[in-house]
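J.: I'd like to go over a predicted model; first the sequence, then the structure.
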Amino acid sequence: MSEKYFDAWNDIKKKIDAYQKIPEPREGEVWFCSIGVNVGREQDGKHRNFERPVLVVRKWMRDCFLGVPLSSKPKSGDYFFTVMLLGRPSTAILIQMRFIDAKRLLRPIGSVSETDLQIIRTRLAALINKADPPSLAGPRRQSARGRIVQM
């Protein structure tokens, strides 16, 4: 397991929070974004700004949006979708979707096709609206308190 640099990230996060000039990304754009050092299986940023590419899926206000981190490593399954970015495949890590303030954005990289953006939105909605994916759903039983528990 690699060492996590939480203190260094906290220093950068304080600087990001003080930014006055806020980028205005558009839906479908991909930006390098300071997503930081995170916990457990959450996707971490890399390099000195703790950055990684993030797809702007849906803007809600001028300065915040729903974003999905991208990876250059190929992945498949319900939680991933491959897009073309600058002529190369990138994997959208759908399960890592998150609300992001535009202050975290560093620089634009490019954009995905409108078709890929619509597919990603549909896949995200399906992930949110369905119960456990078949691969995670196992036998269940009702507990003594009436709650459904995984066995």
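T.: Cool, the structure landed. As the structure is a prediction and not an experimental result, all values here were calculated from the model. Numbering: from 1, shown residues only.

J.: for the helix or strand encompassing Arg123, which positions count as buried?
T.: Element membership of Arg123, judged by DSSP states H and E, is helix 114-129. By 16 or more other Cβ atoms under 10 Å, the buried positions in helix 114-129 come out as 116-117, 120, 123-124. (C-beta placed from N, C-alpha, C; glycine too.)

J.: can you tell me what sits against stretch 102-122?
T.: 16-17, 19, 22-35, 49, 51, 53-55, 57-58, 62-65, 68, 81, 83-86, 92, 94 (Cβ atoms under 8 Å, 6 or more residues apart in numbering).

J.: what mean pLDDT would you report for it?
T.: In this model, stretch 102-122 carries a mean pLDDT of 94.

J.: stretch 27-35 now?
T.: So the average pLDDT for stretch 27-35 ends up being 91.

J.: got the contact list for it?
T.: 12-13, 16, 23, 25, 43-45, 49-59, 65, 67, 69-70, 85, 90, 98, 100, 104-114, 117.

J.: narrow the residues you listed to just the buried residues.
T.: The neighbour count (16+ other Cβ under 10 Å) marks 12-13, 16, 23, 25, 43-45, 49-57, 59, 65, 67, 69-70, 85, 90, 100, 104-105, 109, 111-112, 117 as buried among the contacts of stretch 27-35.

J.: which among the buried residues of helix 114-129 gets closest to Ser76?
T.: Arg123 (12.6 Å; Cβ to Cβ).

J.: residues in contact with that closest one?
T.: Each residue near Arg123 by Cβ under 8 Å, 6+ apart is listed here: 81, 94.

J.: likewise for Met84?
T.: Per Cβ under 8 Å, 6+ apart, neighbours of Met84: 90, 112-113, 116.

J.: quick one: which two of these are the most distant?
T.: Farthest-apart pair in the contacts of Met84 is Ser90 and Ser113; separation 12.3 Å (Cβ to Cβ).

J.: from Val112, how far off is Glu27?
T.: Distance from Glu27 to Val112, counting by Cβ to Cβ, to the nearest Å: 10 Å.

J.: with Ser90 instead?
T.: For Ser90, the distance to Val112 equals 8 Å [Cβ to Cβ].

J.: same check on Ile100?
T.: Remark: distance between Ile100 and Val112 (Cβ to Cβ) = 16 Å.
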